[in-house]
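K.L.:
After the sequence you'll find the predicted model.
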Amino acid sequence: MTSVLRATPFSVLDRSRTRQGEDPPSALRETVGFARRIEALGYHRFWVSEHHSVPGVAGSAPTVLAAAVASATSRIRVGTGGVMLPNHRPLVVAEQFGVLESLFPGRIDMGLGRSVGFTGGVRKALGHGKEAADGFGDQIAELLGWFDGSQRAYPQVHAWPAEGLRPAPFLLATGSGADLAAAHGLPLVIGGIRGEDAMLRAVDRYRAAFRPSPWAAAPYVVLSGTVAVAATGEAARRLLVPEAWATAYSRTHGVFPALAPHAQVAAAAMSDAERERFEAAMSGQVSGSPDEVGARLESLLTRSAADEFLVTTSTYDRAELLESYRLLAELLR
């Protein structure tokens, strides 16, 4: 592969997806074991996510899970992709990351997102409505202020042990996320394989408006997306099927299910609406043989000038998933 691909750090986001017949505790333990394997393959970061009351996703407390991952690994950076800040008080988030950074100095990433609970019931249980996302920019400023001592809203209050520490912050781009990342001088994580032109415009806007900060002296772009690698293009495409079907099912039935085997999905009788959603979910991903994937990633990285790539792939068969990550790691050497 060319120097662009080899020079770009690649990282992994794992959502602790459950598989049919598997309970959430098992999925969480699998995530920790998976992180050790990803570290052995040479990836740069390992991130976990936050979801609430989603049947197919076990990861609901990312800072707790990040602590378990960091304990089980030794080199790889560990963080969140991300903590959904509108669901929490910034003080509590600062304290949690302060503990993580204290226990694992120099290895902790603080990825932050803007999403709120998916349903009204979840939002009510969390104690935050949709309007909580409107104050995301202020929440970011308060959170960062707990670390550098600049917050003034709560005199004589300190976020011990966070104050004075520097876990690495990242902002996940949804809505106006790219603009907020630029305004606060933070690294940007952005998806966009499916909507590449829109992603490139957002990245250009971010770089043009970026204001250097104590957290980042220059713009830093992490491109995220699904990457599936197998011996053949058809085998790689099969890896995408379980997650694509779960996405299609969630958008037609309102429930995000556990991942099902490829054969089961292939044999399912889909309605027209399900089929349309399924094909949409299958499109816009990076999949294929090693040579095909290498060429596609090379193009994406060259066009975007991204500083890093975050791989977000899920599939039913964990052995096939790990092999996909192994083949991708081979491309990067």
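P.N.:
Structure received. Numbers count the residues shown, from 1 in each chain.
K.L.:
ok, which stretches of the stretch 101-250 of the chain are strands?
P.N.:
108-113, 168-172, 188-191, 221-225, 227-229 (DSSP state E, counting those that start in this stretch).
K.L.:
winner for burial among the ones you listed?
P.N.:
For the strands of the stretch 101-250 of the chain, the largest average neighbour count (mean count of other CB atoms under 10 Å) is found in strand 227-229, namely a mean of 28. Where you see a C-beta, it was placed from the backbone N, CA and C, and this is true even at glycine.
K.L.:
partners of that strand, with directions?
P.N.:
strand 286-288 (parallel) (DSSP bridges).
K.L.:
Helix or strand: which one has residue 78?
P.N.:
With elements taken from DSSP states H and E, the one containing residue 78 is strand 77-80.
K.L.:
tell me the mean pLDDT over that strand?
P.N.:
For strand 77-80, mean pLDDT rounds to 98.
K.L.:
Dump that strand to PDB, restricted to CA.
P.N.:
Extracted in PDB, the C-alpha atoms of strand 77-80 (Å, rounded to 0.1, in the frame of the first residue of the first chain):
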ATOM      1  CA  ARG A  77      -5.300   4.600  23.900                       C
ATOM      2  CA  VAL A  78      -8.800   4.000  25.300                       C
ATOM      3  CA  GLY A  79     -11.800   6.300  25.300                       C
ATOM      4  CA  THR A  80     -15.400   7.000  24.400                       C
END
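K.L.:
Work out the gap between it and the centre of the chain.
P.N.:
Its chain's C-alpha centre and that of strand 77-80 lie 10 Å apart, by CA atoms, centre = their mean, to the nearest Å.
K.L.:
again, but for stretch 245-258
P.N.:
Between the centre of stretch 245-258 and the centre of its chain there are 19 Å (CA atoms, centre = their mean).
K.L.:
just to revisit the earlier point, which neighbours in the sheet does the strand holding residue 78 have, and how are they oriented?
P.N.:
strand 45-48 (parallel), strand 108-113 (parallel).
K.L.:
Find the centremost residue of the chain, please.
P.N.:
Centroid check for the chain by CA atoms, centre = their mean gives residue 81 as the closest residue, at 3.8 Å.
K.L.:
Let me know whether it touches residue 189 as I believe.
P.N.:
Yes - the pair residue 81 / residue 189 is scored as a contact, 7.0 Å apart, by CB atoms under 8 Å.
K.L.:
Show me whatever sits in contact with both of these two.
P.N.:
Common neighbours of residue 81 and residue 189, counting by CB atoms under 8 Å, 6 or more residues apart in numbering, are 111, 170, 172, 224, 310.
K.L.:
I'd like these as JSON lines, with pLDDT appended.
P.N.:
Formatted as JSON lines, the shared contacts of residue 81 and residue 189 follow (pLDDT from 0 to 100):
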{"residue": "111", "pLDDT": "97"}
{"residue": "170", "pLDDT": "98"}
{"residue": "172", "pLDDT": "96"}
{"residue": "224", "pLDDT": "96"}
{"residue": "310", "pLDDT": "98"}
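K.L.:
Relative to residue 70, which of those is nearest.
P.N.:
residue 111 (14.1 Å; CB to CB).
K.L.:
Give the bridge partners for the closest one, please.
P.N.:
Note on residue 111: beta-bridge partners by DSSP bridges are residue 170.
K.L.:
do you know how far it is from residue 271?
P.N.:
Here the criterion is CB to CB, to the nearest Å. By it, residue 111 lies 36 Å from residue 271.
K.L.:
And for residue 11?
P.N.:
Taking CB to CB, one finds residue 11 at 37 Å from residue 271.
K.L.:
Compare neighbour counts for those two and give me the winner.
P.N.:
residue 11 (23 against 10; other CB atoms under 10 Å).
K.L.:
sorry, back to before: output the shared contacts of residue 81 and residue 189 as TSV; include the columns distance to residue 278.
P.N.:
TSV is the format used below for the shared contacts of residue 81 and residue 189 (distance: CB to CB, whole Å):
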residue	distance to residue 278
111	29
170	31
172	25
224	22
310	24
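K.L.:
Can you give me the end-to-end span of stretch 170-187?
P.N.:
5 Å (CA to CA, to the nearest Å).
K.L.:
Sorry, wrong one. I was asking about stretch 110-125.
P.N.:
End-to-end distance for stretch 110-125: 24 Å, by CA to CA.
K.L.:
and that stretch, how far from the chain's centre?
P.N.:
Centroid displacement of stretch 110-125 relative to its chain, using CA atoms, centre = their mean, is 15 Å.
K.L.:
Which residues in that stretch does the neighbour count mark as buried?
P.N.:
Within stretch 110-125, the residues that count as buried by 16 or more other CB atoms under 10 Å are 110-117, 122-123.
K.L.:
Which element is encountered next along the chain beyond the strand holding residue 78?
P.N.:
Using DSSP H and E, the helix or strand that follows strand 77-80 in sequence is strand 83-84.
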